[in-house]
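# Next input, structure requested:
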Amino acid sequence: MKTSLISLSLSALLLSCGLATAAPAEHKEFEATLYAHFHAGAAQQRTFTLSFDYPGLDRPGIVDWRVELVRPGGRTALRWRGRATLAASSVSVAVPWSGRIGRSPAPPGIYQVKLHAVLRGDGHEAVSQDWEIAVGKPSQPRMPRFQPLPGATSSPAAAPAPGTLPYTVYLGNLHSQTKHSDGGAEVTACKGAQPPLSSPYGPDAAFAFAHKQGLDILLASEHNHMYDGSDGSAPDADAGKARALYQAGLASADAYTQAHPGFLALYGMEWGVINNGGHLNIFNSRELLGWETNARGELMADTRTPRGDYAALYTLMRERGWVGQFNHPAQTGQFMVNGVPLAYTPDGDEVMALCEVVNSTAFSTSLSESETRRSHFEAACNRLLEAGYHVAFSTNQDNHCANWGASYTNRTGILVPAGAALTRDSFIDALKARRVFATMDKGSQLVLSANGRMMGERFRNRGPLELVANFASSTGKQVAAVAIMEGVPGRKGQVTQLSDKATTSFIPAPGEHFYYARITQDDGKVLWSAPVWVTQE
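Now for the predicted structure:
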């Protein structure tokens, strides 16, 4: 997530009016995005677009970038390098490709385009993204027959089709902000994160908008340290008012859910800071957590949690029964425990259920699900899995403008047992069971099974293991590529591709393993299943 800085004169004006502005160090991040058209014309020519941004950048910087075209099988075919000057606004770079490798047309297949970019200077993490593209007419993988799971619009009395899994899929956006923190801005005026508590639209408006947009679930995840009206510390803030605002948000979600059966309005918090921290969502806390105090020493929260102490936070979450999500995780400098980034703790493993794998840009103003800028965090999520965390993938929008669910077609799919109502309890139960998939296409589903067991499960196995990536599309999309990924929890190594077949049978080596499926559609949109965790005897 990123935050814009306002001018010094405007800052002074807002302070004189009692509104605190964003602390210069908070939320400032270098953002790099790669956009690669999945299909090209008959000549296979296309242009890759690189977008670099750093909201609040106080002086121009130099971005060094590298783009690689990787053949099917993993060998680099072409490489482009360059640099770009990043000033106060974003900059785009066009990288044209002729569709040829050397003097010959590139052979048909599914290729990868990889971006590596870094902003010169201290403390800027290199950003990497990779997306698949189709060259020519690649052969399509064989897929198992899979009857789509019913969704929220299915008849309540409808029984699952014979042979299908007994679940209903609900689609949600599990990361967004309203005026209770730094979101909720009118789309026509939204240029970035807002001064806290200053925008026109709060949780009620967000829930109604998302519901009309066709979502089944929306979480308003407000920044826990902005309830005093500032991005830092507000000495004159009213502690009671801050606590009351959080309770008002909870009441708003409860009331909207009760008044609109079939839609789940959730209110929670995004805990932490970006710089030397890391954001995570807590889905089911009825207490506001924080570390800020006013000049009288009053805590701007219900429960004190030391800033940056993730081990202590995980322990508190486990004691309270709370469930969390790693938000847009970086590979360095975030979620530190004893100086180790993305560090494993048993309490953290118990409470952290999700990891965001892709987000559409937080400051999108699209109202037509057409946003092309997005961030990619699969590498960081894989590091968490290799560290030992049992997390499923999610994809959200981190909306700061008043377009909750409308910036892009991505959704997090939640599987609730057939016949059970969508409630906060059934939602939390699904997260705890990791019955979740991430999709960039709201009309598509992906469910991984392992010897007939559901994704999210942990089990012991002896003999062969059959992994099946079950895909369904309500809009006729086809599968262009399948990747079955494999890793070892606690190894702290690399996740690798095991197979490119939707049905894969093999005998794992003895020990601990996790597997998940990643599918690329014929329009380039990607889905991720939750992993399964297997102890092979």
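# hmm, who's touching the helix or strand hosting D204?
D204 belongs to helix 203-213 when assigned by DSSP states H and E. Outside helix 203-213, the residues within contact range by CB atoms under 8 Å, 6 or more residues apart in numbering are 173, 176, 178, 180, 184, 218, 220, 249, 252-253, 256, 260, 263, 265, 267, 399, 402-406. Any C-beta I mention is one placed from the backbone N, CA and C, and that applies to glycine too.
# The longest helix along the chain vs helix 203-213, what angle?
Looking across the chain with DSSP state H, the single longest helix is helix 239-259. Going by axes from the mean of the first three to the mean of the last three CA atoms, to 10 degrees, helix 239-259 is angled at 30 degrees with respect to helix 203-213.
# And helix 239-259, what's buried?
Applying a neighbour-count criterion of 16 or more other CB atoms under 10 Å, the buried positions in helix 239-259 are A239, A242, R243, L245, Y246, G249, L250, S252, A253, Y256, T257.
# surely the fourth one meets H180?
Okay, so that is L245. Yes - with contacts defined as CB atoms under 8 Å, L245 counts as touching H180 at a distance of 6.2 Å.
# For the two, list the residues in contact with both.
When contacts are counted by CB under 8 Å, 6+ apart, the set common to L245 and H180 consists of Y227.
# ok, back up a step: in strands only, show me the contacts of helix 203-213.
N173, L218, A220, A265, Y267 (DSSP state E).
# quick one: which of the buried residues of helix 239-259 is nearest to G214?
Minimum distance to G214 across those is 15.8 Å, recorded for Y256 (CB to CB).
# Beta-bridge partners for E466, please?
Beta-bridge partners recorded for E466 (DSSP bridges): S505.
# give me the number of residues near it?
Applying other CB atoms under 10 Å, we find 12 residues neighbouring E466.
# Nearest residue to Q445 in space, ignoring adjacent ones along the chain?
Computed as CB to CB, 6 or more residues apart in numbering, the closest residue to Q445 that is not its neighbour in sequence is A472, at 4.8 Å.
# residues near that neighbour, how many?
By other CB under 10 Å, the residues close to A472 number 18.
# In what element of secondary structure is it found?
Assigned by DSSP H and E, A472 falls within strand 465-473.
# same thing with A84?
Counting by DSSP H and E, A84 is found in strand 76-86.
# For the spatially most central residue of the chain, give me the pLDDT.
Within the chain, one residue has its C-alpha closest to the average C-alpha position: by CA atoms, centre = their mean, that is E356, at 2.7 Å. According to the per-residue confidence, E356 scores 98 in pLDDT.
# Could you identify the helix or strand that succeeds the helix or strand containing it?
Under DSSP H and E, the secondary-structure element containing E356 is strand 352-360. Stepping forward along the backbone from strand 352-360, the first helix or strand reached (DSSP H and E) is strand 374-376.
# Can you tell me what sits against that next one?
Residues outside strand 374-376 that contact it (CB under 8 Å, 6+ apart): 31, 33, 128-131, 328, 357-361, 408, 410.
# about what we covered before: any idea how far the next helix or strand after the strand holding A84 is from the chain center?
Of the helices and strands lying after strand 76-86 in sequence (DSSP H and E), the nearest is strand 91-97. Its chain's C-alpha centre lies 26 Å from the corresponding centre of strand 91-97 when counted by CA atoms, centre = their mean, to the nearest Å.
# now strand 91-97 and strand 76-86, what's the angle there?
In terms of direction (the same axes, to 10 degrees), strand 91-97 departs from strand 76-86 by 160 degrees.
# what comes up buried for strand 91-97?
V93, V95, W97.
# who does that strand touch, helix- and strand-wise?
Helices and strands touching strand 91-97, as assessed by 3 or more CB pairs under 8 Å, 6 or more residues apart in numbering; DSSP states H and E, comprise strand 46-53, strand 61-70, strand 76-86.
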